[in-house]
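Visitor: no FASTA, just this:
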């Protein structure tokens with residue numbers, strides 16, 4: 001993966017070949033987009049980091065996921081457990097749960113707290129510089145505010161660390177997104193905050209796509225495999241499109257043309273959860289998003305989540321999130337920026 005190195009990074013021209021798009025593509029996109037949108041709890045943030053050896057940063061744990069992109073040079077990522085990971089130019093690393101970790105040019109370098117300063121007041125873009133006499137490393141360091149403790153299979157089956165090394169011709173969409181993100185971070189222009197935010201969303205999708213693509217060669221199951229499964233994908237699409245519908249295993253199996261028993265076996269084998277268990281998970285995911293982001297009454301949220309009784313909804317919600325809906329909403333609002 002080649003990343004521009006000069007201070008004046010060039011713009012990028014991307015040519016998209018004409019491809020044959022599968023008929024289920026819209027369903028795949030809808031499900032993945034819906035899930036990521038529901039699991040987000042706030043705006044992502046990005047820090048442009050420039051350091052000359054010797055240097056080391058102690059990145060504190062935050063609620064959500066983190067990523068690092070190496071724009072130039074080399075460094076080590078030292079996770080809380082396990083061996084250090086060597087990163088080179090163009091590499092992307094994603095930490096599902098942003099536990100405290102260290103970025104450094106060498107195990108022997110001094111380490112200080114990662115303390116960026118905002119480029120502008122209220123901007124999600126920050127900057128951090130460490131001067132030294134040695135080789136230069138450029139990094140894009142960011143955090144996604146995701147509900148990482150949620151039980152949705154999308155996050156549950158991800159490893160703690162995803163390392164996507166740069167290789168020629170590998171993951172071209174991810175490469176293009178990284179390159180353009182570097183351009184915007186290195187030379188901000190009017191509208192850069194909006195552009196960077198959109199590119200951050202794209203980066204997350206492409207990181208997940210790349211990891212899932214690599215995993216598809218090693219295993220046949222998992223939530224990602226379900227997105228393209230001709231039997232399971234229609235049922236997932238129906239659940240995501242209308243979580244409040246009184247779905248049954250039989251009615252979901254009918255979408256796939258299978259009997260109740262055959263559909264339940266296949267769904268559980270591919271997704272890892274029984275159909276009604278996944279339905280409950282998605283209903284709770286939907287309810288959490290509605291409570292965090294809107295002002296609907298609890299009765300309305302319950303109905304949109306498939307519950308005719310507010311009491312039954314409150315009990316199910318508390319079992320899932322560990323807090324009643326009202327308390328969950330108050331806590332989510334208290335964590336919003338500016339409060």
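Guide: Arrived safely. Values in this document were obtained by computation on a predicted structure and should not be read as measured data. Numbering: from 1, shown residues only.
Visitor: Could you report the distance from residue 178 to residue 234?
Guide: Going from residue 178 to residue 234 by C-beta to C-beta, to the nearest Å gives 34 Å. C-beta here means a position set from N, CA and C on the backbone, and glycine is covered the same way.
Visitor: who has more neighbours, these two?
Guide: More crowded of residue 178 and residue 234, by other C-beta atoms under 10 Å: residue 178, with 28 against 17.
Visitor: which SSE is that one in?
Guide: helix 172-186 (DSSP states H and E).
Visitor: Which strands or helices does that helix pack on?
Guide: Where contact means 3 or more C-beta pairs under 8 Å, 6 or more residues apart in numbering; DSSP states H and E, helix 172-186 is packed against strand 45-52, strand 65-72, strand 136-144, helix 192-216.
Visitor: ok, now with 7 Å
Guide: strand 136-144, helix 192-216 (3 or more C-beta pairs under 7 Å, 6 or more residues apart in numbering; DSSP states H and E).
Visitor: Buried residues, the helix or strand just after the shortest one. List them.
Guide: By that I understand strand 136-144. Heading C-terminal from strand 136-144, the first helix or strand you meet, by DSSP H and E, is helix 153-156. Neighbour counts over helix 153-156 (16 or more other C-beta atoms under 10 Å) mark 153, 154, 155 as buried.
Visitor: And the last one, how far from residue 70?
Guide: Meaning residue 155. 24 Å.
Visitor: ok, now the second one?
Guide: In this view, residue 154 and residue 70 are 26 Å apart by C-beta to C-beta.
Visitor: cool, the first one as well?
Guide: Applying C-beta to C-beta, the value for residue 153 to residue 70 is 30 Å.
Visitor: Residue 93 belongs to a helix, doesn't it?
Guide: No: assignment of residue 93 by DSSP: H, G, I helix; E, B strand; the rest coil gives strand, placing it outside any helix.
Visitor: who's in contact with the residue of the chain positioned farthest from its centre?
Guide: If you look at how far each residue of the chain sits from its centre, by C-alpha atoms, centre = their mean, the farthest one is residue 133, at 36.1 Å. Contact analysis of residue 133 by C-beta atoms under 7 Å, 6 or more residues apart in numbering lists residue 52.
Visitor: That one: which element?
Guide: With DSSP H and E as the test, residue 133 turns up in no helix or strand.
Visitor: Looking at it now. What's its pLDDT?
Guide: For residue 133, the model assigns a pLDDT of 94.
Visitor: May I have the phi/psi pair for it?
Guide: Per-residue torsions, residue 133: phi -90, psi -10 (degrees, to the nearest 10).
Visitor: Residue 235 too?
Guide: According to degrees, to the nearest 10, residue 235 has phi -70, psi -40.
Visitor: how near is the nearest residue to it once chain neighbours are set aside to residue 291?
Guide: In this structure, residue 235 finds its nearest non-sequential neighbour in residue 252, 4.4 Å apart by C-beta to C-beta, 6 or more residues apart in numbering. Taking C-beta to C-beta as the measure, residue 252 falls 26 Å from residue 291.
Visitor: Hmm, residue 33 and residue 240 touching each other?
Guide: No: using C-beta atoms under 7 Å, residue 240 is not in contact with residue 33, being 9.5 Å away.
Visitor: Compare these two (neighbour count), which wins?
Guide: Neighbour count, other C-beta under 10 Å: between residue 240 and residue 33, residue 240 has more, with 19 against 13.
Visitor: Okay, and that one sits in which element?
Guide: With elements taken from DSSP H and E, the one containing residue 240 is helix 232-241.
Visitor: starting at the chain centroid, how far to that helix?
Guide: 21 Å (C-alpha atoms, centre = their mean, to the nearest Å).
Visitor: what helices or strands is the following helix or strand past that helix leaning on?
Guide: Next in sequence after helix 232-241, counting helices and strands by DSSP H and E, comes helix 249-256. If contacts are counted by 3+ C-beta pairs under 7 Å, 6+ apart, helix 249-256 sits against helix 232-241, helix 260-271, helix 275-293.
Visitor: possible to save these as a markdown table with mean pLDDT and distance to residue 160?
Guide: As requested, the helices and strands packed on helix 249-256 are arranged in a markdown table below (pLDDT from 0 to 100; distance: least, C-beta to C-beta, whole Å):
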| stretch | mean pLDDT | distance to residue 160 |
| --- | --- | --- |
| helix 232-241 | 90 | 26 |
| helix 260-271 | 93 | 21 |
| helix 275-293 | 92 | 21 |
